[in-house]
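J.: Next input, structure requested:
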Amino acid sequence: MYTIVKKEVALSDGRIISIETGKLAKQAHGSVVLRMHNTMLLATVTSAKEAKEDVDFMPLSVEYREKYSASGRFPGGFIKREAKPSDYEILVSRLVDRALRPLFPDDYHAETFVNIDLISSDGEVMPDALAGFAASAALAVSDVPFNGPISEVRVARIDGKFVINPNRSELANADIDMIVGASYDNILMVEGELDEATEEDMIEAIRLAHEEIKKQCLLQMELAKELNVIKREYCHETNNDEIKQALHNFAYERIWNIIEQGITNKHERNQQLDAIKEEFLNTFPEEQHDELKPMINRYYKSLEKEVIREYYLTKNIRLDGRKMNEIRPIWCEVDYLPMAHGSAIFTRGETQSLTTVTLGTKLDEQQIDGVVFQGYERFILHYNFPPFSTGDARPYRGVGRREIGHGNLAHRALKRMIPTDPDINPYTIRVVSDILESNGSSSMATVCAGTLALMDAGIKIKKPVSGIAMGMISDEKTGRYVILSDILGDEDHLGDMDFKVCGTADGITATQMDIKVNGLSYEVLAKALAQAKEGRLFILQKMLETISQPRSDFKPHAPRIVRMLIPKDQIGAVIGPGGKIIQEIQSATNTTIVIEEVDNQGVVEISGTGSESIQSAIRKIKGVMGVIEVGEVYDAVVKAIQDYGAFVELFPGKEGLLHISEIEWNRIKKVDEVLHIGQKIQVKLLGFDDRGKMKLSRKVLLPKP
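T.: Coordinates of the predicted model:
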C-alpha cells in the first residue's frame, strides 16, 4: 500500500491548486497529479541510472500531451486516436523544458524524460500555465538530481488589472498575456504577447508572477520534505585536473589573441579557435587521442566560454569587433519575388530571411481542433530553418520544435497589428519565413521581414513591427555585467541571458526570455529592456527606409475579395439545392464564393483575380434573389432558340426573351444565323413590359453601323 500525500496552494484570488502523489503511476521515478478546478495534469519523470558514453550534455526530453477524452471529445480526422503532437503541445513542452533544463546539475548526463499528460479539461482553466508546476513537482518527489523546484504561471492584464492564471474566456480582453517561469529566487523564463505595452508594465507583470511562483515552490519543498526524498548519487564525468590546468595554460592566451582580432566571419573564427584545441590534443601520444578527446572537448568548451566572457567584461568589445549596443549592417528589399502576393528580404549581418505573403479566402483558414482550443485562424506564420543556412551538410527532415517555437514568437509579434475588420482586411494571410543564413536571431529577422512583406502585399497593418535579440554577460563575484544588442549565435550560448523583444515604435508586442544567471535584479532587467528599445527602433528605421507604409493596392495577380450582405432568408436560394446554384455561379464567373450567417444576416465573400469576374458574380447573386436593375449588363447563356428570338439564362433559374430584333443592328432572318444553344453572350436590361417581362438587348452593346 502506497502513502497518498496531497498538498494545496491558493492563488491570490483564493482559487486552489492541489498536488497529489502516491496514487497514480507509482513505478515512475516521480509522479504527481495536479488539479485546478476540473482540469487535471499527470506529470511523471524517469531518468536512466547511468549516462551514455561520451555524452557531455543534459539529454532531457519534455513531452506535454493532451488526451481528447479529457474534454469528452473524439480526435478529428480518419484515425480516431491521438497522433503526432500539435503545435500547441510542442509549444507547451518548450515552455516547460526552458525552465527545467538550466537547473539540472552540469555534470548530470543521464537520459531524463518528463511527461505531462492533460487527463481532464474543463475548457476554462489553461493547462499551459500549470504544466511547469506539475513537471517540477514530479521532479521534487523523485530521486533525480535537480536544483529546483520551479513553477510557472500566466500573468495577464485584463481591463487594466493584473490576473494570475486567468480563465480562457477572460483572455479575450487581455492586453498583456505572458507565462513566467522561475525558481524561488530567480526568474528563469518569460514568453508572451503584449498589445504595445511599456517596458515598465512588462517588468511589473513579471514581478507579480514571481510572487505567486514563490508560494508554489514552497509547497513543493514541503512535499519533498514530508516524503523524505533522497536524491541519487551519480558519477557521469571522468575528470583530470592536471589536463584541465595544462589546457588552461596552453590555450587561454591563444584564445584571447584570436578574439582580439575581431573576426566577423563566424566560420573563419571558429576554425581558428578549433585549431587551438587540436594543437593541444596533438601534444599527447596519438594512441591516447580517442580516450582524451571527449574530456578535452568538454574542458575546451568551458575554457573558451570563460575567456570570451572575461574579454567582454574587460574590453567591452565583441567577437566581431562591435560595441555592446551596436547593430550589425542591415539591408532590405521588397517585391523580390514577382509572383508572390508580397515578398521581402531582410539581412542583418550573417542572418537573412526571405519571407513571402500569400493572400487567401475564408476557405484557406487553418482549422484548430485541439483538446483546449477549437476554431479557425486567419493569420498564419510559418518559419523554416534549413541546414544550409548555417553551412551544415545534412538533410532537411522537416519542421522541428525550434522552428515551431520561433515561428510562434514571430506570429505573436505581428498578429495584433493585422486588421481584424473584414472591410479593411478580408483575407486569410499566410506568412512564410525561409531562413537562408543564420548567425543570431533568425526569429527576429522573421519579424522584420514579415512586416516588410505584409506592407509589400498591401495589407494595411496598424503599425510596422521590428524585433531584436539581446544578451547579457555578468560576473556575480565582481558585479560586472554588459548588455549585448543584436547577439551572434556564439553569444547566445555563452551569455547569461538571451531575450528577444518585438514591438512597434509605441510599445512591445511580444517577448521571449531565457535567464541563466542567479539574482538578476529588476534594475538590470530595466536597463536591458531600455537598450533593447533603442536597438529595436534603430532597426525599424532601417526597415522604413525600404518601404515606409503599406502599398495602396494589392498586386495585380493577388485575389480580390468583395463582401456583400444579403437577407438571411435568401441564403438558401443563393446556395440552391445541394449547392447547385452557387456552384454554377462560381463556375460561370471563375470566382470563389463563401456564404455564412453573421448577426442574423447573410455575409457573402466573393473572391477572384479580376474585378469584372467579381462584378459578374454579384449580378448573378442579385438575380437569384430577384434583384435585377435596369441598365445593368448581364452575362447570359442561350438556352433555347425560337423563330422570334432566343431565351437566355441570366442567372440559375432566371430566363428572359432576347427578341430577334434586339440581337444585332442589321436585320437577320433567322436567330440561329447568329446564336446557338449554349453560347455565352452579354445582354443589357432595357426595362420591363406591361406584364413584368424583361426587355433585353444584345445589339445595344455592339458598335452601331
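
J.: What ranges does the stretch 251-400 of the chain have for its helices?
T.: In the stretch 251-400 of the chain, the segments counted as helices under DSSP state H, counting those that start in this stretch are 266-281, 289-315.

J.: I misspoke; the intended subject was the stretch 451-600 of the chain.
T.: Secondary structure of the stretch 451-600 of the chain, counting by DSSP H, counting those that start in this stretch: helices at 489-494, 522-544, 571-575, 580-589.

J.: So what touches the third one?
T.: Spelled out, that is helix 571-575. Judged by CB atoms under 8 Å, 6 or more residues apart in numbering, the contacts made with helix 571-575 from elsewhere in the structure are 566, 581, 582, 595, 597, 602, 604, 621, 624, 625. Using the backbone N, CA and C atoms, a C-beta is placed for each residue, glycine as well.

J.: Excluding sequence neighbours, find me the nearest residue to residue 337.
T.: The spatially closest residue to residue 337, leaving aside those adjacent along the chain, is residue 343, at 4.0 Å (CB to CB, 6 or more residues apart in numbering).

J.: Please apply the same query to residue 633.
T.: Nearest residue to residue 633, sequence neighbours excluded (CB to CB, 6+ apart): residue 684, at 5.1 Å.

J.: So what's the residue count around the one you found?
T.: Each residue near residue 684 was counted by other CB atoms under 10 Å, and the total is 17.

J.: Same question for the one 5 residues further on.
T.: The burial count assigned to residue 689 is 10, neighbours taken as other CB under 10 Å.

J.: wait, what's in contact with it?
T.: Residue 689 makes contact with residue 695 under the criterion CB under 8 Å, 6+ apart.

J.: Also residue 60?
T.: Counted by CB under 8 Å, 6+ apart, residue 60 has contacts 97, 100, 101, 104, 112, 114.

J.: Next one: the closest residue to the fourth one other than its chain neighbours, what pLDDT does it get?
T.: This means residue 104. The shortest distance from residue 104 to any residue that is not its chain neighbour, by CB to CB, 6+ apart, is 5.0 Å, and that residue is residue 58. Confidence at residue 58, expressed as pLDDT, is 91.

J.: before we move on, back to that, mark which of the contacts of helix 571-575 are part of strands, please.
T.: Among the contacts of helix 571-575, the members falling in strands (DSSP state E) are 566, 595, 597, 602, 604.

J.: The third one contacts residue 604, correct?
T.: The one in question is residue 597. No: the pair residue 597 / residue 604 is not scored as a contact, 10.7 Å apart, by CB atoms under 8 Å.

J.: Settle it for me: which of these two has more neighbours?
T.: Taking residue 597 and residue 604 together and counting by other CB under 10 Å, residue 604 has the greater number of neighbours (20 against 10).

J.: For that one, list the residues it contacts.
T.: When contacts are counted by CB under 8 Å, 6+ apart, residue 604 touches 563, 564, 565, 566, 574, 593, 594, 595, 621.

J.: Can you give me the pLDDT of it?
T.: 91.

J.: Also residue 653?
T.: As predicted, residue 653 sits at a pLDDT of 69.

J.: do the one 4 residues further on as well
T.: Looking at residue 657, its pLDDT reads 90.

J.: Run through who's touching the host helix or strand of it.
T.: Using DSSP states H and E, residue 657 sits within strand 654-659. The contact list for strand 654-659 (CB under 8 Å, 6+ apart) reads 623-624, 628, 636, 639, 644-650, 683, 693-694, 696-698.

J.: Find the nearest non-adjacent residue to residue 146, please.
T.: Taking CB to CB, 6+ apart as the measure, residue 146 lies nearest to residue 139, with 4.6 Å between them; neighbours along the chain are not counted.

J.: just for the protein, where's the confidence low?
T.: Low-confidence regions of the chain, defined by pLDDT under 70, span residues 1-2, 653.
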